[in-house]
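# Next input, structure requested:
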Amino acid sequence: MFRIAQVVLGVFVLTCIIEWYILKKIGSNTTCSREVLEKLSLGDEQVVHYKITNDSDYNIKTLLVDELPEQLQHRSFIVDKTIYKQSNITEEFVIRPTERGAYEFGKMWMYISLRYPGFVQRREVINTPYHSEVHPSIIQMRQYELQVFSKTAILAGIRQIRKIGENDEFEHIKPYQIGDNIKSINWKATSRKNQLMVNQYQNTRSQTVYCIVDKGRSMKMPFLGMTLLDHAVNSALVISNIILKKYDKAGLITFSDKLGSIVRAKAMTGQLESISKQLYSQKTAFRESNFELLYYTCRQQITRRSILLFFTNFEQMVDLDRSLPYISRMGKKHLMVVILFINTEILTAAEAECHTKSNIYRKTFAEKALAEKIKIARTLNIHGIQTILTRPEDLSINVINKYLEIKNKRMS
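The predicted model follows:
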């Protein structure tokens with residue numbers, strides 16, 4: 001038996017030597033590449049493409065590990081497949097960035113072995129560092145732009161608001177349809193065409209709209225892996241794009257305990273890019289927000305009556321009471337829309353069925369917290385401040401609907 005063991009050991013060692021020699025030749029005939037976007041979108045799923053080519057005459061088994069950015073927290077294999085001779089494979093890996101900033105892709109580590117017997121494994125290091133940046137969601141911006149200006153907008157949740165009153169700018173004359181304002185009938189055109197014709201007007205343009213983003217501690221609460229601040233940043237970019245497409249002027253103000261960025265409202269080329277750059281670069285320590293500073297900044301920087309879309313959050317009436325005098329003063333000079341967030345965990349707990357005593361306590365506290373949030377919204381409405389109470393995932397669509405409602409009802 002000892003002689004048999006020696007023979008088996010010798011065959012094993014010889015096989016390993018031959019396999020190592022083959023893998024050394026294969027290594028130079030195997031390549032791997034990575035394709036990733038230079039600008040990634042915050043909070044959206046995106047794909048990184050990997051292509052592995054096997055130009056050798058052997059079938060190989062490949063394991064691929066990529067040094068993904070530390071923000072993604074992924075350390076397992078990207079590819080674990082067999083690649084046949086003279087062929088290649090393309091693999092997709094889905095990532096979802098939840099933080100703004102620079103993302104550094106490092107080396108790729110490829111482990112190659114023969115399909116059979118596979119005793120030896122060779123490591124190839126592909127040094128392909130790549131720098132990418134995660135910006136406010138460009139994907140959501142384009143998606144909502146298509147939805148708002150499409151004929152099927154109602155299917156995407158965009159409400160069609162009935163227009164009240166007359167708009168200012170004449171557009172064209174069209175045949176009367178049921179629902180048109182009879183005060184707009186053009187009697188001269190009606191007599192010429194022998195049918196009812198009405199004047200068509202378009203919405204007033206060049207209104208000033210500012211997105212105000214609170215970077216205080218109340219915006220640190222995480223939902224879907226992202227803070228409320230990042231949800232607000234994405235929504236601010238989305239609504240700024242819609243504002244500019246509606247021929248209005250879009251601007252931006254950010255603040256916390258100190259003043260952040262100010263982008264003056266304009267409707268010129270490059271304005272959206274300026275807003276996007278400022279939103280990308282926002283940093284905060286999530287300290288207590290200074291609403292007095294915001295009030296005096298708006299008083300100095302915004303000289304004409306404007307629409308203010310204010311992204312913030314209040315969890316208790318005590319928090320609102322400290323800030324209400326300044327918000328109320330801004331609401332007297334401008335059309336103020338305060339956007340508040342509903343804690344989805346509290347909402348789920350409030351709607352859950354109770355089977356134990358602890359569940360009853362949890363449901364009671366959740367209902368109390370939800371009632372407090374509704375009371376905050378009503379208090380703002382009493383002081384003439386319009387309010388949006390929304391889930392973080394429905395933020396953009398609700399803000400768009402409110403803006404379109406303001407435009408169509410000429411509430412500014």
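# Could you say which helix or strand holds Pro117?
Pro117 belongs to no helix or strand when assigned by DSSP states H and E.
# Distance of it relative to Pro222?
49 Å (Cβ to Cβ, to the nearest Å). The C-beta positions use only the backbone N, C-alpha and C, and glycine is treated the same way.
# same deal with Leu308?
According to Cβ to Cβ, Leu308 stands 26 Å off from Pro222.
# neighbour-wise, which of those two wins?
Leu308 (24 against 13; other Cβ atoms under 10 Å).
# Could you verify my assumption that the more buried one touches Leu335?
Yes - contact criterion Cβ atoms under 8 Å: Leu308 and Leu335 qualify, at 6.9 Å.
# doesn't Thr284 fall inside a helix?
No - per DSSP: H, G, I helix; E, B strand; the rest coil, Thr284 lies outside any helix segment and is coil.
# Contacts only, for the closest residue to it other than its chain neighbours.
In space, and not counting its chain neighbours, Thr284 is closest to Lys215: 3.9 Å by Cβ to Cβ, 6 or more residues apart in numbering. With contact taken as Cβ atoms under 8 Å, 6 or more residues apart in numbering, Lys215 is in contact with 229, 254-256, 260, 282, 284, 286, 289.
# Same question for Leu272.
Residues counted as contacts of Leu272 (Cβ under 8 Å, 6+ apart) are 237, 240-241, 244, 250.
# Give me the subset of these lying in helices.
Secondary structure defined by DSSP state H assigns 237, 240-241, 244 of the contacts of Leu272 to helices.
# Serialize the residues you listed to JSON lines and add fields for distance to Ile18, neighbour count and pLDDT.
Supplementary listing: the ones in helices among the contacts of Leu272 in JSON lines, determined by distance: Cβ to Cβ, whole Å; neighbours: other Cβ atoms under 10 Å; pLDDT from 0 to 100:
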{"residue": "Leu237", "distance to Ile18": "59", "neighbour count": "27", "pLDDT": "96"}
{"residue": "Ser240", "distance to Ile18": "64", "neighbour count": "28", "pLDDT": "96"}
{"residue": "Asn241", "distance to Ile18": "62", "neighbour count": "22", "pLDDT": "95"}
{"residue": "Leu244", "distance to Ile18": "67", "neighbour count": "20", "pLDDT": "94"}
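# farthest pair in these?
Maximum pairwise distance in the ones in helices among the contacts of Leu272, criterion Cβ to Cβ, is 11.0 Å, between Leu237 and Leu244.
# model confidence over the host helix or strand of Phe12, on average?
Take DSSP H and E as the rule and Phe12 turns out to sit in helix 2-27. Per-residue pLDDT over helix 2-27 has a mean of 91.
# And the contacts of Leu272, which two are furthest apart?
Within the contacts of Leu272, Leu237 and Leu244 form the most distant pair, 11.0 Å apart (Cβ to Cβ).
# quick one: Ser28 from Glu70, how far?
According to Cβ to Cβ, Ser28 and Glu70 sit 32 Å apart.
# Lys51 now?
Here Lys51 is placed at a distance of 24 Å from Glu70 (Cβ to Cβ).
# number of nearby residues for Leu91?
Careful, residue 91 is Glu and not Leu. 17.
# before we move on, what SS does it have?
Per three-state DSSP, the secondary structure class of Glu91 is strand.
# Do I have it right that it meets Lys81?
Yes - counting by Cβ under 8 Å, Glu91 does reach Lys81; the two are 7.4 Å apart.
# Buried ones in the regular element (helix or strand) spanning Ile275, by neighbour count?
Using DSSP H and E, Ile275 falls within helix 271-280. Under the neighbour-count criterion of 16 or more other Cβ atoms under 10 Å, helix 271-280 has 271-272, 274-276, 278-280 buried.
# Arg304: which of the residues you listed is nearest?
Gln271 (17.2 Å).
# separation between the closest one and Met110?
45 Å.
# what's the answer for Glu35, then?
16 Å.
# Low-confidence regions, the protein specifically.
In the predicted model of the chain, residues 151-171, 201-205, 410-412 satisfy pLDDT under 70.
# how is it carved up into domains?
29-135, 138-163+204-409, 169-202 (automatic domain parsing).
# now, of those, which is deepest in the fold?
Mean neighbour count (mean count of other Cβ atoms under 10 Å) peaks for domain 138-163+204-409 among the domains of the chain, with a mean of 18.
# What's the end-to-end length of that one?
Using Cα to Cα, to the nearest Å, the end-to-end distance of domain 138-163+204-409 comes to 29 Å.
# what's the answer for stretch 30-49, then?
17 Å.
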